[in-house]
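In: Below: sequence and its predicted model.
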Amino acid sequence: MTSRDPSRSPRRPFLLGAATCLVLAGHLPQAQAAPADSSAAGALARALQAAPSTPQVAAACAPAGQVLQGLGQVLAGMGTAGLDPGEVALVAGLSSPDAMAALGLDPEGALALTLWSPRADPVGVLTLPFGGDEAAAQALLTDLGARVEATPGDSGAWSVHSQDGSVTLARLHDGALDLAFDGQPPQSSGLPAVDVPLVQGLPATPGCAIWVAMASEDLPAPQALKGEGGIAGAAFVPFGRGGMGLLRLRPASAPPQALRRTPAAPVLGRSDEAPSLVISIGISAQDLLTDPEILQAAKLSPSHARKLLSRVNIAGGATIATFGPPQARDLVAVVPLDPAQGPVRADKVVGRIARLARKADVAVLDRGEDSLVLSVGGTPTHLVARDGRVYLGPDAERVAQVSRGEGRPWAGDDELAWASQWPIALWSGPDGPLAAGMALSMRAGIRAVDEVVEVGIQVRTDAPPGMLTALLGAALSQGGGLPVGRGARGGDGAPAATEEELERAVEGIALAQEVQRSIGGSYLELPAAPRGLAQADPRPVAWTADPAWSRLGWTPDPPETAAVFWVEVGADGQSYVVHAATDLDGDGQPARYERSSTQPMRRTSPEGVR
């Protein structure tokens with residue numbers, strides 16, 4: 001965002017870096033559905049089809065006006081100090097759809113970003129939906145770079161020369177303005193082939209569609225999932241609250257048939273205390289033990305599976321509820337029994353479980369007519385059989401209450417409707433482990449559609465719409481290839497040793513602060529991290545920080561740094577100063593820097609201090 005000395009490292013075009021932030025962020029107000037041919041998924045599919053080789057990362061967002069207007073709000077909140085007049089005009093031009101149209105941008109189209117090398121020196125193409133003519137395109141490009149040159153003999157093509165000498169190639173074609181940066185895309189990338197149907201299965205509603213490809217050796221996943229050639233995934237991040245995010249993967253091996261079945265309705269418990277998390281398993285033991293893919297993965301023979309099935313008559317619809325923080329390990333499971341596969345009367349169920357426990361060397365600590373106490377991993381587990389169900393958990397009183405059906409149900413109509421779509425589903429309330437300390441309710445699920453595994457995620461909140469940005473605040477400050485988002489290290493992994501590298505981290509903190517103010521109304525004061533100023537030395541250390549830093553959503557990338565960062569906030573919460581310091585020569589005299597909410601970073605220590 002700030003003007004830089006031309007002798008310093010390359011500066012990406014202003015719009016490129018900022019638009020990438022929004023592509024990765026995934027927060028915007030609710031919008032009307034876009035036509036299928038201009039949806040994010042459709043634009044992403046077209047970008048992948050046009051790519052000369054498989055990109056590592058690609059994304060498209062539609063309607064673009066939603067993205068660009070949100071971008072303009074963030075940038076306007078950061079102030080215009082350090083921007084040249086063209087960049088100031090560009091920020092103003094993102095304030096409304098009409099202002100965008102005046103720049104030649106098409107707010108109803110899709111914005112796309114394709115990256116072959118998304119990290120230190122990104123190679124890629126940013127595609128802007130453009131409804132203007134060549135003159136409008138050249139005017140916009142002039143705002144992005146210091147000098148624009150038309151390509152001789154090639155109508156609608158330009159070279160955009162930045163102040164640092166870097167060149168971005170621009171081309172206007174078919175209602176789009178392409179900006180190709182840092183060289184030409186490779187003809188071969190060694191990644192899995194582009195899977196267009198995977199992308200086309202994403203929702204056509206307003207939001208961002210994302211493609212990620214990884215080589216097999218770079219992916220810590222089971223071989224059955226990634227295969228020899230690696231794996232690619234497609235994801236969708238919706239605009240607005242309450243929309244469903246979706247992740248789609250095509251594994252090397254066929255997904256289990258059990259994940260393709262219509263799930264059984266969850267058998268819900270009741271309790272006085274609301275659970276922090278509920279998991280619904282709509283798959284029965286018979287579904288699992290007759291599934292060829294599962295038997296093959298588990299190396300079970302059909303005869304062994306039949307033997308297991310004769311001893312386990314678990315029906316679909318089991319639920320597991322957790323209470324309190326995850327480390328408390330306080331849970332209750334409700335397991336329905338299938339009368340067609342085995343006994344359901346309480347005394348017979350208890351007898352069968354006791355026999356199975358002894359065969360498995362699990363100690364039976366106590367036994368009643370309809371209850372058992374087993375020692376599982378040295379911890380007593382209480383079990384009650386009642387009305388064709390088994391209730392079990394470590395807290396005897398809680399298990400007894402749930403088995404009696406006392407208290408409030410673990411789910412409402414919305415959760416039941418969600419569970420009906422996913423063989424494995426879960427939901428968490430505002431106090432649950434998935435809420436990350438925010439006022440969020442979250443739902444997730446997994447299923448298989450044909451040969452594709454889908455994971456759905458839905459976030460709901462009564463907080464202002466900006467709360468969703470907080471969940472992805474790290475993406476705003478750590479987006480791959482952004483000048484402001486690479487943390488306190490350079491691209492080669494060395495500790496922060498130059499002002500340019502330190503400034504990237506400071507700008508990331510500043511941008512995250514602006515997002516925080518848009519959410520909570522004020523900036524965050526933050527203590528020194530990852531260590532105190534007096535402890536600074538040339539050695540990079542792992543990032544550890546006060547929990548307040550987690551609220552900001554920023555960490556260095558990679559997560560080790562030799563620098564120290566802290567933030568002071570004005571009494572009214574409407575101004576801040578980011579402080580950074582390094583002691584790279586170990587003499588006990590740190591080099592210190594400041595970046596205020598209105599001014600770019602500057603050195604406050606003498607030039608000779610490192």
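Out: Perfect, I can see it now. As the structure is a computational prediction, the values presented were derived from the model and not from experiment.

In: where along the stretch 1-150 of the chain do the strands fall?
Out: Taking DSSP state E, counting those that start in this stretch to define them, one finds strands in the stretch 1-150 of the chain at 57-62, 111-117, 123-129, 147-150.

In: just checking, Glu560 touches Val541?
Out: Yes: using C-beta atoms under 8 Å, Glu560 is in contact with Val541, at 6.2 Å. For glycine as for every other residue, the C-beta is placed from the backbone atoms N, C-alpha and C.

In: Can I get whichever strand or helix holds Leu247 in CSV? Just the C-alpha atoms.
Out: Taking DSSP states H and E as the definition, Leu247 sits inside strand 244-249. Below are the C-alpha coordinates for strand 244-249, written out as CSV (Å, rounded to 0.1, in the frame of the first residue of the first chain):
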residue,chain,number,x,y,z
MET,A,244,-23.0,-23.3,2.3
GLY,A,245,-19.3,-23.7,1.6
LEU,A,246,-18.3,-26.9,-0.3
LEU,A,247,-15.1,-28.8,-0.8
ARG,A,248,-14.9,-31.5,-3.6
LEU,A,249,-12.2,-34.1,-4.0
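
In: and that strand, what does it pack onto?
Out: Packed against strand 244-249 by the contact rule (3 or more C-beta pairs under 8 Å, 6 or more residues apart in numbering; DSSP states H and E) you find strand 231-238, strand 452-461.

In: circling back: including distance to Glu594, could the strands of the stretch 1-150 of the chain go into JSON lines?
Out: Shown next, in JSON lines, are these (distance: least, C-beta to C-beta, whole Å):
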{"stretch": "strand 57-62", "distance to Glu594": "34"}
{"stretch": "strand 111-117", "distance to Glu594": "32"}
{"stretch": "strand 123-129", "distance to Glu594": "32"}
{"stretch": "strand 147-150", "distance to Glu594": "32"}
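
In: Figure out which of those is closest to Asp413.
Out: For Asp413, the closest of those is strand 57-62, at 31.5 Å, according to C-beta to C-beta.

In: State the mean pLDDT of the strand holding Leu247.
Out: In this model, strand 244-249 has an average pLDDT of 92.

In: likewise stretch 535-552?
Out: Averaged over stretch 535-552, pLDDT sits at 85.

In: Stretch 425-444 now?
Out: The average pLDDT within stretch 425-444 is 67.

In: got it, and stretch 210-217?
Out: Regarding stretch 210-217, the rounded mean pLDDT is 82.

In: Just give the strands next to the strand holding Leu247 in its sheet, each with its orientation.
Out: Paired neighbours of strand 244-249 in the sheet (DSSP bridges): strand 231-238 (antiparallel), strand 452-461 (antiparallel).

In: circling back: quick one, which of the strands of the stretch 1-150 of the chain is packed in tightest?
Out: The highest average neighbour count among the strands of the stretch 1-150 of the chain, using mean count of other C-beta atoms under 10 Å, belongs to strand 57-62 at a mean of 28.

In: In CSV, list the C-alpha atoms belonging to that strand.
Out: What follows is strand 57-62, C-alpha atoms only, in CSV (Å, rounded to 0.1, in the frame of the first residue of the first chain):
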residue,chain,number,x,y,z
VAL,A,57,-4.0,-22.4,-7.2
ALA,A,58,-6.9,-20.7,-9.1
ALA,A,59,-9.9,-18.8,-7.9
ALA,A,60,-12.8,-16.8,-9.3
CYS,A,61,-15.4,-14.7,-7.5
ALA,A,62,-18.7,-13.4,-8.8
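
In: Now do it: which elements does it pack against?
Out: Applying 3+ C-beta pairs under 8 Å, 6+ apart, one finds that strand 57-62 makes contact with helix 14-25, helix 40-50, strand 111-117, strand 207-214.

In: Residues contacting the third one from elsewhere in the structure, which ones?
Out: It refers to strand 111-117. By C-beta atoms under 8 Å, 6 or more residues apart in numbering, the surrounding residues in contact with strand 111-117 are 19-20, 23, 43-44, 46-48, 51, 53, 55-62, 64, 67-68, 122-129, 182, 185-186, 189, 480-481.

In: Kindly state the pLDDT recorded for Gln32?
Out: Listed pLDDT for Gln32 reads 38.
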